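>>> A structural model of the following input is requested.
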Amino acid sequence: MNTNWQPDLSLFPGPKYLALNRALRDAIRLGDLTEGTQLPTVRDLAWRLAVTPGTVARAYQMAIQEGMLLANVGRGTFVADRSPRLGPTQPLFIERPSETKGLVDLRSPILPELGQAAVFEDAMRRVAAGLGADWTDYPSQRQELALRGHVVDWVGDRLLGPVTPDDVALTHGGQNAILTILMCCLRGDRPVVLVEDLAYPGFRHAARLVRAEVVAVELDADGMVPDALEAACRRHGPQILCLTTEAQNPTAVRMPPDRRAAIAAIARRHDCQIIEDDCYSTDTSDWPAIRALAPERTWYVGSFSKTISAALRFGYVVCPTGLGEAGRLTAQHSYFALSRTVSDLCLDLFRSRAAWDLRAKVQADLAARLQVTVTALGAFEMSWLPGLRFVYLRLPQGWRASSLRPRAEAAGILLRTADEYALSHGRAPNAVRLALAGNVPPDDYRAALGRLVGLLQSPSYEPSV
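Numbering: from 1, shown residues only. The predicted structure follows:
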């Protein structure tokens, strides 16, 4: 059902985009706009309200992020289903149900099994042998001091500036780390979080949980564009900037040192905190992280998920200088501390040096798999970095990402398109991200890449599986 809905913005004080957002909320709550109703186009409503299209687009985007509206590319914007939901309205990130058996899953990196299970079994035996009465009490931040010290050693190959155990907070994986930082730093009714205009979806999902508005900032061949960041800071007054410097996800761009310095300077000028996500990263780095350039405002995030095992759900935050206690206090209010099972197991992996050995084995295995991937797809335009767990493939003429995905699935391959990394009204390049599948036997992996090459070379290709 279409509508000619036209609210009276004079009833809602404040900026026009907030007034329109509140008018939308009231109209949906009162039943004036019912589920499935199609809203006017941005330009049409802007003309009738005598405001700019940008004002309407911003109000629509806020409502979409809040779950009030749904945007359907090519069809329009609609009032969302109002039935009760727990959490955000989008599907879960990655599911690997039984139906994917036999498919080569390139959506999210899967680490190879290189003895992790046996190493974890031995570590669990040692942990079990040391169980005591303290395992009946709540875990505490104090108990994690030794583990935080090992994290400092773990990140010692990165140029982060001075780091001590007091600067570290431990989390249940990288995504939990991002959400913990947002809870620690954001304030006010509608804070603004800046992200790259193609960005890890977890940034915006975490921001939605804390009722923040997400604004995208332009990227170029070197990463986030300083002039675009400056303009966004002036216009929106953001509290946090989320970005990846070592390996931009999904474009596989590595931000050069001068660009990192420019980003740090702009964030400092506008008093904006920075989340530097290094969960995806290269194996080595000799460039200073933004955490080293702006240690007073940068929260550096890492985890075991891309290096040892995603099942452990072990992550960490190197907090800004002097803010480690604030980060740990936020963690304490959220989940007290890590589960003793996870913290004691990870502590054993560090003490035995098994963590370092496993990381080296995984790096070597995936480096060989990356070389196979790059060689197979060498005729096409793509971006990749040594040690990275994915490649970014720009599609050749004749293919759209939206049409390639189902054809690839029919050929036994699951992949992620670039539009999954864009905001609802953001740009969506004609590209896909291909993650390394460490769980697939090498011959099967090569065969899957061969089928993908066949698809790319001919849009009329009919898969044989």
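
>>> Other residues contacting whichever helix in the chain runs longest?
Looking across the chain with DSSP state H, the single longest helix is helix 354-376. With contact meaning Cβ atoms under 8 Å, 6 or more residues apart in numbering, helix 354-376 is reached by 109, 111-112, 114-116, 119, 123, 154, 283, 304, 307-309, 346, 348-349, 382, 384, 386-389, 391, 434, 436-438, 442, 445-446, 449-450, 452-453. Yep, even glycine has a C-beta here, placed from its N, CA and C like the rest.

>>> how close does Glu420 get to Ser303?
To Ser303, Glu420 is 20 Å away according to Cβ to Cβ, to the nearest Å.

>>> related to what we said a few turns ago, other SSEs contacting the very next helix or strand once past the longest helix of the chain?
Next helix or strand after helix 354-376 toward the C-terminus (DSSP states H and E): strand 382-383. In terms of contacts (3 or more Cβ pairs under 8 Å, 6 or more residues apart in numbering; DSSP states H and E), strand 382-383 is packed against strand 390-394.

>>> and the strand it packs on, what does it pack onto?
helix 354-376, strand 382-383, strand 431-435.

>>> that older thread, Glu420 and Ser303: which has the busier surroundings?
Taking other Cβ atoms under 10 Å, Glu420 and Ser303 do not tie; Ser303 has more neighbours (25 against 16).

>>> List the buried residues for the longest helix of the chain?
Under the neighbour-count criterion of 16 or more other Cβ atoms under 10 Å, helix 354-376 has 354-355, 358-359, 361-363, 365-366, 369-370, 373, 376 buried.

>>> With stretch 219-232 instead?
Under the neighbour-count criterion of 16+ other Cβ under 10 Å, stretch 219-232 has Leu219, Asp222, Gly223, Met224, Val225, Pro226, Ala228, Leu229, Glu230, Ala232 buried.

>>> Now do the third one, the pLDDT please.
In this prediction, Gly223 carries a pLDDT score of 96.

>>> Which strand residues bridge it?
Asp220 (DSSP bridges).

>>> And it, how close does it get to Gly115?
Gly223 is 36 Å from Gly115, by Cβ to Cβ.

>>> swap in the second one?
With the distance defined as Cβ to Cβ, Asp222 ends up 39 Å from Gly115.

>>> Then Arg451 would be within a helix, right?
Yes: assessed by DSSP: H, G, I helix; E, B strand; the rest coil, Arg451 belongs to a helix.

>>> how many other residues sit next to the residue nearest to it when sequence neighbours are not counted?
Spatially, and ignoring its direct neighbours in sequence, Arg451 is nearest to Ala411 (4.5 Å; Cβ to Cβ, 6 or more residues apart in numbering). Other residues lying near Ala411 total 21 when counted by other Cβ under 10 Å.

>>> The spatially most central residue of the chain: what's it in contact with?
For the chain, Tyr200 is the residue whose C-alpha lies nearest the centre (Cα atoms, centre = their mean; 2.9 Å). Tyr200 is in contact with Cys242, Thr244, Asn249, Asp277, Tyr421, counting by Cβ under 8 Å, 6+ apart.

>>> Please repeat the previous calculation with a cut-off of 6 Å.
Contact analysis of Tyr200 by Cβ atoms under 6 Å, 6 or more residues apart in numbering lists Asn249.

>>> Got phi/psi on it?
Tyr200 adopts backbone torsions of phi -50, psi 120, taken as degrees, to the nearest 10.

>>> what about it, distance to Cys346?
23 Å.

>>> Where does pLDDT dip in this protein?
1-2, 73, 82-101, 424-426, 460-465 (pLDDT under 70).

>>> list the contacts for Val432?
The contact partners of Val432, taken as Cβ under 6 Å, 6+ apart, are Leu393, Ala401, Leu415, Thr417.

>>> 8 Å instead?
Shown in contact with Val432 (Cβ under 8 Å, 6+ apart): Tyr392, Leu393, Leu395, Ala401, Leu404, Arg405, Leu415, Arg416, Thr417, Ala418.

>>> how far away is it from Pro396?
For Val432, the distance to Pro396 equals 12 Å [Cβ to Cβ].

>>> circling back: which ones among the contacts of Val432 are found in strands?
Judged by DSSP state E, strands contain the following of the contacts of Val432: Tyr392, Leu393, Arg416, Thr417.

>>> shouldn't the third one be in contact with Asp105?
Spelled out, that is Arg416. No: counting by Cβ atoms under 8 Å, Arg416 stays clear of Asp105, with 10.1 Å between them.

>>> I'd like to know how many residues surround Phe38.
Small correction: residue 38 is Gln, not Phe. Neighbours of Gln38 under the rule other Cβ under 10 Å: 16.

>>> how far away is it from Asn4?
Note on Gln38: its distance to Asn4, by Cβ to Cβ, is 11 Å.

>>> now Gln457
Distance, Gln457 to Asn4, using Cβ to Cβ: 49 Å.

>>> again, but for Arg297
Per Cβ to Cβ, Arg297 is found 47 Å from Asn4.

>>> more neighbours, these two?
Neighbour totals were compared for Arg297 and Asn4, and Arg297 leads with 20 against 9 (other Cβ under 10 Å).

>>> So the more buried one sits against Ala267, correct?
Yes: with contact defined as Cβ under 8 Å, Arg297 reaches Ala267; the gap is 6.2 Å.

>>> Next, show the common contact partners of the two.
In terms of Cβ under 8 Å, 6+ apart, Arg297 and Ala267 are both contacted by the residues Gln273, Ile274.

>>> Going along the chain, name the strands of the stretch 1-150 of the chain.
Counting by DSSP state E, counting those that start in this stretch, the stretch 1-150 of the chain has strands at residues 69-72, 76-79, 104-105.

>>> Nearest to Arg427, out of these?
strand 69-72 (14.1 Å; Cβ to Cβ).

>>> buried sites along the closest one?
Applying 16+ other Cβ under 10 Å to strand 69-72 flags Leu69, Leu70, Ala71 as buried.

>>> Could you export the ones in strands among the contacts of Val432 as CSV, including distance to Val127 and neighbour count?
Formatted as CSV, the ones in strands among the contacts of Val432 follow (distance: Cβ to Cβ, whole Å; neighbours: other Cβ atoms under 10 Å):
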residue, distance to Val127, neighbour count
Tyr392, 40, 24
Leu393, 43, 25
Arg416, 36, 20
Thr417, 42, 22
